[in-house]
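K.L.:
Predicted model, plus sequence, below.
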Amino acid sequence: MRVIHTDHAPAAIGPYSQAMISGGFVFTSGQVAFDAATGDLVGENVTEQAEQVMRNLAAVLEAAGSSFEKAVKTTCFLADMGDFAAFNEVYARYFTGKPARSCVAVKTLPRNVLCEVEVIAEV
């Protein structure tokens, strides 16, 4: 196993890694809409936050030698399922290969963000 870290995505805020590589796959931790440089939340609505989430995921995937095109499975968490359509518009622009996906609404996400996404991708 190999730990993945990049300064181009928010640092882990607990005892975990941004991602791990094992068995030819990268497993990312969930990414939320924090700016890597400042730690501040980016965006006031799910569309703006989802764009930042994708930028963070892109940085982690790139650091692992992977990309959105190599994604095989995603798990998406929404604070409000009413944001499903708006979130999907952003998601679809990045995950063009249509990986397997789970999407659930949860009670609360870190710092009350509106969405979080984790990815499993080939390296």
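P.N.:
That came through, no problem. Please read all numbers here as calculations on a predicted model, not as lab measurements. Numbers count the residues shown, from 1 in each chain.

K.L.:
CA atoms for contacts and neighbours, from now on please.
P.N.:
Fine.

K.L.:
What is the neighbour count of residue 18?
P.N.:
Neighbour count of residue 18, defined by other Cα atoms under 10 Å: 23.

K.L.:
swap that for residue 96, please
P.N.:
11.

K.L.:
and what of the one 4 residues further on?
P.N.:
Residue 100 sits with 12 neighbouring residues when counted by other Cα under 10 Å.

K.L.:
That one contacts residue 70, correct?
P.N.:
No. Counting by Cα atoms under 8 Å, residue 100 sits too far from residue 70 to count as a contact (11.7 Å).

K.L.:
Go over the secondary structure and confirm residue 48 is in a strand.
P.N.:
No. Counting by DSSP: H, G, I helix; E, B strand; the rest coil, residue 48 falls outside a strand, being helix.

K.L.:
Could you check how many residues crowd around it?
P.N.:
Using other Cα under 10 Å, residue 48 has 16 neighbouring residues.

K.L.:
can you give me phi and psi for residue 2?
P.N.:
With angles defined as degrees, to the nearest 10, residue 2 sits at phi -140, psi 130.

K.L.:
Which pLDDT value belongs to it?
P.N.:
Note on residue 2: pLDDT of 97.

K.L.:
That one reaches residue 23, doesn't it?
P.N.:
No. Using Cα under 8 Å, residue 2 is not in contact with residue 23; the gap is 10.1 Å.

K.L.:
Could you check the pLDDT of residue 14?
P.N.:
Residue 14 carries a pLDDT score of 86 in this model.

K.L.:
Now do the contacts for it.
P.N.:
If a contact means Cα atoms under 8 Å, 6 or more residues apart in numbering, then residue 14 has no contacts.

K.L.:
Surely it is in a strand?
P.N.:
No. Under three-state DSSP, residue 14 sits outside any strand and is assigned coil.

K.L.:
Nearest residue to residue 16 in space, please, no chain neighbours.
P.N.:
residue 29 (8.0 Å; Cα to Cα, 6 or more residues apart in numbering).

K.L.:
ok, that neighbour - how many residues close by?
P.N.:
Quick note: residue 29 (other Cα under 10 Å) scores 19 neighbours.

K.L.:
my guess is it meets residue 17, correct?
P.N.:
Yes. Residue 29 lies in contact with residue 17 (Cα under 8 Å); the separation is 6.9 Å.

K.L.:
Noted, bye for now.
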